[in-house]
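Chemist: sharing a model prediction with you, sequence too.
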Amino acid sequence: MACPENENGEGFEMQIGTNHFGHFLLTNLLMPQLKKAAPTARIVNVSSLAHTRGQMQWEDINWKETPYNAIQAYGQSKLANILFTKELARKGEGSGVNAYALHPGVINTELGRHLQDTFGPLVVLWKLTMPFIKTPESGANTTIYCAVDESI
């Protein structure tokens with residue numbers, strides 16, 4: 001989250017490449033098997049509430065021309081997760097392959113390790129909240145629920 005400007009091995013901006021394109025490719029490669037698993041097949045994409053601040057830069061998705069903004073790049077990658085999931089749900093309606101996107105909550109992990117690069121000394125406030133936010137185990141509950149609960 002809020003990574004410094006960088007590219008992945010495929011030449012994509014690091015956050016969109018890691019948070020979206022990798023999952024997009026994997027999902028599409030698995031789709032034939034998912035369809036065979038219907039009617040109980042599920043696709044669960046972990047997004048973020050940060051998607052609400054995201055905006056798709058269709059003409060410059062990899063930030064080659066636009067001045068890089070780590071928070072906006074993260075929001076774009078998470079918005080891409082939401083848009084992809086909505087399209088999967090639309091295309092899969094009635095097929096037995098259900099798609100879910102979720103925000104797991106704020107979780108005490110190393111995900112925010114680059115926040116100091118973006119926010120500087122304000123990161124102290126983030127570090128003070130760490131003991132009060134979800135553990136990784138607790139944060140996984142929403143994902144597990146979407147993956148296995150038979151009521152949805």
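Modeler: Alright, I've got the coordinates.
Chemist: for the rest of this, base every contact and every neighbour count on C-alpha atoms.
Modeler: OK.
Chemist: ok, and what's touching stretch 91-106?
Modeler: 34-35, 37-49, 81-82, 85-86, 88-89, 133-134, 139-143, 146 (Cα atoms under 8 Å, 6 or more residues apart in numbering).
Chemist: measure it end to end?
Modeler: 31 Å (Cα to Cα, to the nearest Å).
Chemist: low-confidence ranges, the chain, go.
Modeler: Low-confidence segments of the chain (pLDDT under 70): 1, 108-127, 130.
Chemist: if we can go back for a sec, from the contacts of stretch 91-106, which would you call buried?
Modeler: 34-35, 41-48, 81-82, 85, 88-89, 134, 139, 143, 146 (16 or more other Cα atoms under 10 Å).
Chemist: so which of the residues you listed belong to helices?
Modeler: In helices, defined here by DSSP state H, the members of those are Leu34, Lys35, Asn81, Ile82, Thr85, Leu88, Ala89, Gly139, Thr143, Cys146.
Chemist: for the first one, list the residues it contacts.
Modeler: For Leu34, the contact set (Cα under 8 Å, 6+ apart) comprises Ala41, Arg42, Val97.
Chemist: give me the distance between it and Ala101.
Modeler: From Leu34 to Ala101 the distance is 17 Å (Cα to Cα).
Chemist: helices along this protein, start to end?
Modeler: In the chain, the helices defined using DSSP H lie at 14-16, 22-36, 70-92, 115-119, 123-129, 136-139, 141-148.
Chemist: ok, which of those helices comes nearest Trp58?
Modeler: Nearest of the helices of the chain to Trp58, taken as Cα to Cα: helix 70-92 at 10.1 Å.
Chemist: buried set for that closest one?
Modeler: In helix 70-92, counting by 16+ other Cα under 10 Å, buried: 70-82, 84-85, 88-89.
Chemist: who's the nearest residue to Trp63 once chain neighbours are set aside bridged to?
Modeler: Closest residue to Trp63 apart from its sequence neighbours, by Cα to Cα, 6 or more residues apart in numbering: Glu13 at 6.9 Å. Bridge pairing for Glu13 (DSSP bridges) gives the partners Glu7.
Chemist: and the gap between Glu13 and Thr66?
Modeler: Distance from Glu13 to Thr66, by Cα to Cα: 12 Å.
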